[in-house]
Every structure is written in C-alpha cells, then in structure tokens.
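[1] kindly return the folded structure for what I paste below:
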Amino acid sequence: MFDFSLKAVAAALLLGGSGLAMAANDGQSRATELLSSDEQYRETWKDVVEKEERLPEWVMNLSGSAEQMNAVEEDGDKYLVGPLCETADTCLNKRLIVAFSYDKEDAYAMLVEVPAGLPTDKSPTRHATYRFIGKPDEGMQALLREQLKKDPNWY
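    Predicted coordinates for the structure are as follows:
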C-alpha cells in the first residue's frame, strides 16, 4: 500500500510539473494580441505607423493571422519578433515581420508582398517587394529578413 501512495505522489508531481511548463508557454505573445494587451505597445506602434504612408489597415492595427513571437537578440538588445499575415490564406502574398524591443520603446517591421497568382515554380523571394517600417538599421533589417527565411514556404 505504501508503494501505491509513493507512485501516486510521483504521478502528481509529474503532472504538476508539466502543468507548470504549459503555463510558462501560455505567456507567449502573438503580434495580433500586443496592441490590446499593453498601452505601451499600442503607443509605440502608433508612433511608428503614423510616420508611414499608405499602409494597409491590417498592418496599422496588427490584425490578421499571427504565429507565436520569439525572443531574439540583435546587437545586444532583446526583441520580441514574430510574423503576421493579412489572412492565413494570403500569407505567402502579404505578410509582416514585426519586432518590438523588450522595453517596448522601439518597434520595427518589414512588409513583404508577393504578386498574387505567382506560379508555384517561381521563387517568392525573387518577386517580393520589401518595405521597412520604423527606420530599422542594417542589423535590424537583417534580423527581420532572417525571420522571414525561417518560413519553410519561403525560398
């Protein structure tokens, strides 16, 4: 009977530990959640986009389809970086890679557009237009490009 109790305690500890690990993952953000989750993100993004001309509404509002953001370091500074698409179906054609500094003071993005109807045998890389938002320096531009390259559908 003692053996059973020990197994029950061990099982409870294992389940409890996995619950903590899952809770830690719940803290991950998506670009679509940032503006509604924190006033400082909203103010920083507003300052960035108000200086730009002719941005699509989904870019201005960071709305659409987004994946989890990741912590990335560039030149000693940490950023929360992630992709955002106008819609899940048009992700190859219209996407944004966005980066917010951990202190929420700076934001940068790269808007990537590929002509609709591009044949599948044509590389989206060669036909894309890239627009940088927030005046990123060369290091930040490289970081944003690297994030785009992580997409297995981008070649």
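[2] tell me the strands in the protein, going along the chain?
    65-66, 70-74, 77-85, 94-101, 107-113, 129-133 (DSSP state E).
[3] let's have those in TSV, adding mean pLDDT and mean neighbour count.
    No exception for glycine: its C-beta is placed from N, CA and C like everyone else's. Converted to TSV, these look like this (pLDDT from 0 to 100; neighbours: other C-beta atoms under 10 Å):
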stretch	mean pLDDT	mean neighbour count
strand 65-66	94	20
strand 70-74	94	14
strand 77-85	96	21
strand 94-101	96	23
strand 107-113	97	23
strand 129-133	96	15
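[4] tabulate those strands (JSON lines), appending distance to residue 52.
    Putting these into JSON lines (distance: least, C-beta to C-beta, whole Å) gives the following:
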{"stretch": "strand 65-66", "distance to residue 52": "20"}
{"stretch": "strand 70-74", "distance to residue 52": "21"}
{"stretch": "strand 77-85", "distance to residue 52": "15"}
{"stretch": "strand 94-101", "distance to residue 52": "12"}
{"stretch": "strand 107-113", "distance to residue 52": "9"}
{"stretch": "strand 129-133", "distance to residue 52": "6"}
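[5] quick one: which of those is nearest residue 151?
    strand 77-85 (7.3 Å; C-beta to C-beta).
[6] packing partners of the closest one?
    For strand 77-85, the elements it packs on are helix 31-37, strand 65-66, strand 70-74, strand 94-101, helix 138-149, judged by 3 or more C-beta pairs under 8 Å, 6 or more residues apart in numbering; DSSP states H and E.
[7] closest one to residue 44 among the strands of the chain?
    Residue 44 lies closest to strand 107-113 among those, at 4.9 Å (C-beta to C-beta).
[8] out of the strands of the chain, nearest to residue 142?
    Residue 142 lies closest to strand 70-74 among the strands of the chain, at 8.1 Å (C-beta to C-beta).
[9] need the contact partners of stretch 110-120.
    Stretch 110-120 is contacted from outside by 55, 59, 90, 92-97, 124, 127-133, 136, 141, 144-145, 148, using C-beta atoms under 8 Å, 6 or more residues apart in numbering.
[10] now do the same end-to-end measure for that stretch.
    Stretch 110-120 has an end-to-end distance of 23 Å (criterion: C-alpha to C-alpha, to the nearest Å).
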